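Asker: Sharing a sequence plus its predicted fold:
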Amino acid sequence: MSGPPPAFKGDLTWDMATLVSWWVVGPLYGINICVFILCAHVLHMKGLKKWNLMLLFVATVQFVLATGHVVTVVVQITRGFGGSSIRTSYLLNQSTPVHVVQEFLYITNSLIGDAILIWRLWIIWQRNFWLSSPFVVLCLATAVTGYTALINLTRLSPTDTVFLPRIHNWLIATWCLSIATQFGATLMIGYRIWKAIRWNTNSIRESRLAVLWILVESGALYSVATIFLVGFSRTNTGTLFVAALGQISALGPTLIIVRAGLRGSPLSSNFTPVKGSINGPSSYEPPSWLDNRDMESGTRLGGSAASMVVHIKRATEVRLDDLEREDGDILSTDARSRSSKLPEYPLGYLDP
């Protein structure tokens with residue numbers, strides 16, 4: 001038994017695709033170890049309050065699932081290539097307990113990643129049920145199609161492949177639903193952040209834009225890999241993307257926390273919670289050029305009364321100069337009223 005033939009010129013053989021999948025999974029798992037340690041460190045430095053403990057718990061669960069995934073890959077490679085000859089018949093058998101567990105861990109990790117993204121969407125849109133509910137439905141549909149594919153996988157004969165319609169169609173549906181969830185939720189979160197940063201000062205706007213790019217880049221990592229998987233789903237090369245997604249599904253959520261925390265977002269010590277603030281729990285440190293004497297006199301070093309430090313909206317200390325338009329007028333009442341409509345947790349998808 002030689003396995004499915006290459007689907008196109010340059011496609012890998014089944015044996016080679018299975019072996020190379022380990023070369024893909026190994027380095028990704030090493031990255032997962034480093035990112036998980038950094039994630040735990042960032043959350044610990046922030047303080048183990050309720051939401052940080054929840055994020056740490058979820059990150060730990062995903063890391064454990066990713067560890068189980070890499071163990072099943074090692075077992076599969078060892079049994080298939082550990083003897084004097086390659087056991088192609090074993091590698092082709094998609095209904096072995098090891099392979100079924102491997103796919104179960106991948107699908108479960110993917111669902112957890114989707115659920116975390118939906119939770120961030122719910123937080124940043126001020127717990128809007130109607131906006132979040134379509135994505136909850138998408139996530140539940142992903143679970144139904146994914147686990148249905150797993151059930152059908154256990155019913156395959158040793159000579160059947162995953163390209164059979166009763167397996168392949170369910171898998172395609174699972175991947176497409178997951179892409180829709182990731183893309184749609186990321187787009188909605190990004191739009192909300194973009195609206196929020198329009199009325200911030202330049203320094204805060206740059207910080208929020210950086211966090212926005214962190215979210216987009218981290219989400220794109222999983223989405224792009226899944227899109228490639230759909231494209232190569234009927235080829236032997238698709239095995240590489242399936243193996244990689246078993247690790248990437250755990251990497252994305254923790255990577256967002258780490259990158260945001262190391263940049264100095266609300267996960268860092270540069271931002272301090274402020275009780276009773278109008279629009280959010282975060283406060284920005286005063287600029288370095290401002291000393292205590294200036295704070296007491298209410299003027300900047302130049303003595304200009306127009307540069308008095310005020311505490312407005314999002315409990316952020318800024319200068320009146322930063323709020324002036326090009327013609328020198330202060331923001332209109334209408335603009336200020338619109339700024340009060342910013343989300344309650346502008347970065348709540350990271351740290352509510």
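Answerer: Yep, it's here. Residues are numbered from 1 along each chain as shown.
Asker: how is the chain carved up into domains?
Answerer: Per automatic domain parsing, the structural domains of the chain span 14-263, 272-339.
Asker: Which of those domains has the lowest mean pLDDT?
Answerer: Sorting these by mean pLDDT places domain 272-339 lowest, at a mean of 39.
Asker: Helices of the chain, start to end?
Answerer: 14-46, 50-81, 88-92, 97-124, 129-154, 165-197, 202-231, 238-263, 292-297, 333-339 (DSSP state H).
Asker: can I get these in CSV with mean neighbour count?
Answerer: Yep, even glycine has a C-beta here, placed from its N, CA and C like the rest. Supplementary listing: the helices of the chain in CSV, determined by neighbours: other Cβ atoms under 10 Å:
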stretch, mean neighbour count
helix 14-46, 18
helix 50-81, 18
helix 88-92, 18
helix 97-124, 21
helix 129-154, 17
helix 165-197, 19
helix 202-231, 17
helix 238-263, 24
helix 292-297, 11
helix 333-339, 12
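Asker: what's the nearest residue to residue 16 if we skip its chain neighbours?
Answerer: residue 236 (7.8 Å; Cβ to Cβ, 6 or more residues apart in numbering).
Asker: Surely that neighbour touches residue 11?
Answerer: Yes: counting by Cβ atoms under 8 Å, residue 236 touches residue 11, with 5.5 Å between them.
Asker: between those two, which one's more packed in?
Answerer: In this view residue 236 and residue 11 are compared by other Cβ atoms under 10 Å, and residue 236 has more residues nearby, 22 against 17.
Asker: so how far is residue 142 from that one?
Answerer: 25 Å (Cβ to Cβ, to the nearest Å).
Asker: Residue 23 now?
Answerer: Applying Cβ to Cβ to residue 23 and residue 142 gives a distance of 28 Å.
Asker: Equivalent analysis for residue 69, please.
Answerer: 18 Å.
Asker: just residue 190 next, same as before
Answerer: 21 Å.
Asker: Contacts only, for the closest residue to residue 35 other than its chain neighbours.
Answerer: Distance criterion Cβ to Cβ, 6+ apart; nearest residue to residue 35, sequence neighbours excluded, is residue 254 at 5.1 Å. The contact partners of residue 254, by Cβ atoms under 8 Å, 6 or more residues apart in numbering, come to 32, 35, 36, 39, 59, 62, 63.
Asker: closest to residue 153 among those?
Answerer: The closest of the contacts of residue 254 to residue 153 turns out to be residue 62 (Cβ to Cβ; 22.2 Å).
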